[in-house]
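return atomic coordinates for the entry below.
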Amino acid sequence: MSTLVVVKKNGVACIAADTMDRFGHQKQVATYLSHSQKILCIGDAYIGIVGNSAHYLVMESIFSQIEPLPHFQTKQEIFEFFCKLQPILKNNYFLNPKHKKVTLPYESSRFSLFIANPYGIFGVFRLREVFEYSKFCAIGSGNRYALGALYAAYEQSDSAETIAKCGVEAGIEFNASSAAPITSYRIELIQ
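Take a look at the predicted model:
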């Protein structure tokens, strides 16, 4: 229930997201929430999370207890970190695993997220898949609209920030579960 994008262009990465949340059928827009962020700052990395709104709190809690913070420099390092994280999620942050819903968090890695940092842009998905992107990607309920906009804007603009905002704006425009304002972060890449 989000639109989250990452873009990499001309030595710059950008991560951007909408700020709406939902609680059942009730939408919760940024003007009514004291905290509407979907992107965490962890060391020199920004981590954007989609899915259950509890995921943000869980990740915030976990990273507040980790020292030193991971660098997330490569796909393999990210994969290894999330493999080690799985038992912590299952043992300390589980929800009722006997519930009939198959998509319950923390029995497996039941969240999707992006990482943007000086080393690149990465995606981490439900079955511990880790991808590194060379241009852009989008996740969340507005991802189809965002991907189309990112594709159209990528060759038209030299700015990773402008392209990322185009993607999130498309998600906001056409997806009922995404709303303004947009949060974005710009990161200089290590060449």
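
wait, Ala180 touches Thr31, no?
No. When contacts are counted by Cβ atoms under 8 Å, Ala180 is not listed as touching Thr31 (9.9 Å). Using the backbone N, CA and C atoms, a C-beta is placed for each residue, glycine as well.

more neighbours: which of these two?
Ala180 (15 against 10; other Cβ atoms under 10 Å).

buried residues in the lowest-mean-pLDDT helix or strand in the chain?
Using mean pLDDT, DSSP states H and E, the weakest-scoring helix or strand in the chain turns out to be strand 21-23, at a mean of 83. For strand 21-23, a neighbour-count test (16 or more other Cβ atoms under 10 Å) marks 21-22 as buried.

list the helices and strands it packs on?
strand 26-28 (3 or more Cβ pairs under 8 Å, 6 or more residues apart in numbering; DSSP states H and E).

direction included, what does the strand it packs on pair up with?
Each strand that pairs with strand 26-28, with its direction, by DSSP bridges: strand 21-23 (antiparallel).

give me the helices and strands touching the host helix or strand of Ala16, please.
In this assignment (DSSP states H and E), Ala16 forms part of strand 12-17. Other elements packing on strand 12-17 under the criterion 3+ Cβ pairs under 8 Å, 6+ apart are strand 4-9, strand 45-50, strand 112-117, strand 120-124, helix 160-174, strand 183-188.

can I get these in CSV with mean pLDDT, distance to Gly148 and mean neighbour count?
Formatted as CSV, the helices and strands packed on strand 12-17 follow (pLDDT from 0 to 100; distance: least, Cβ to Cβ, whole Å; neighbours: other Cβ atoms under 10 Å):
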stretch, mean pLDDT, distance to Gly148, mean neighbour count
strand 4-9, 99, 12, 28
strand 45-50, 97, 18, 25
strand 112-117, 97, 18, 25
strand 120-124, 98, 18, 23
helix 160-174, 99, 7, 23
strand 183-188, 98, 19, 17
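
now tabulate those in a markdown table and tack on distance to Ser64.
As requested, the helices and strands packed on strand 12-17 are exported to a markdown table (distance: least, Cβ to Cβ, whole Å):
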| stretch | distance to Ser64 |
| --- | --- |
| strand 4-9 | 22 |
| strand 45-50 | 13 |
| strand 112-117 | 17 |
| strand 120-124 | 19 |
| helix 160-174 | 27 |
| strand 183-188 | 19 |
